[in-house]
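Participant: starting from these lines, generate the structure:
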Amino acid sequence: MAIAPTTPVTGAAQTGFTTPTYTITSDTSPDVNMKQWAVTALGGTQTGVTTHSGSSPFTVNFVKPKVYKSLGKPNPVTGLIKNVPKNPFKVISRKGVTPLAGQPIQIMPITTSIEVPAGADLADPANIRAALSLHIGMLQQVAAGLGDTTISNIF
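Facilitator: Okay, the predicted model is just below:
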């Protein structure tokens, strides 16, 4: 299944937010190997949050490898593959934030990088899916705590 989010996106729990939702629209990606969406409207209670604009972006990008790497041949003597290349996938969210009242907006990137060893897509898809399931599930489960930690710097 291709990456095709539906709108609105239900946001994860955050301290001070009530039922956050984000209306998204497909946007022009910075490169050919990306899909991008921009936030055009907010739902729920999110006091002080802004939607996407040119000077204060609120976007999510999904990035795939430009050139998909394949697994090399094993050493004829040892049977081992010396260098296993990685196929990098990323999810990059960007949000314009104000560092201090009256100061220019700064971009806050949030990046999840997924580096799939070449060949694992064929040899071990279940464990790739399990790793992603745990990763995304943990982020969802600790979303409010992670938000609190980024504000307070306390775990």
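Participant: quick check: bridge partners of the spatially most central residue of the chain?
Facilitator: Against the mean C-alpha coordinate of the chain, by C-alpha atoms, centre = their mean, the closest residue is Val91 at 2.7 Å. Taking DSSP bridges as the rule, Val91 bridges to Phe62, Thr112.
Participant: and it, what is it in contact with?
Facilitator: 60-63, 111-112, 114 (C-beta atoms under 8 Å, 6 or more residues apart in numbering). Placement of C-beta: from N, CA and C, glycine included.
Participant: closest one of those to Met138?
Facilitator: Met138 has its nearest neighbour among these in Thr112, at 11.3 Å by C-beta to C-beta.
Participant: contacting residues around that closest one?
Facilitator: The contact partners of Thr112, by C-beta under 8 Å, 6+ apart, come to 90-91, 135, 139.
Participant: how close does it get to Asn153?
Facilitator: 21 Å (C-beta to C-beta, to the nearest Å).
Participant: swap in Ala123?
Facilitator: Here Ala123 is placed at a distance of 41 Å from Asn153 (C-beta to C-beta).
Participant: neighbour count for these two, which is higher?
Facilitator: Ranked by neighbour count (other C-beta atoms under 10 Å), Ala123 and Asn153 place Ala123 first, with 11 against 7.
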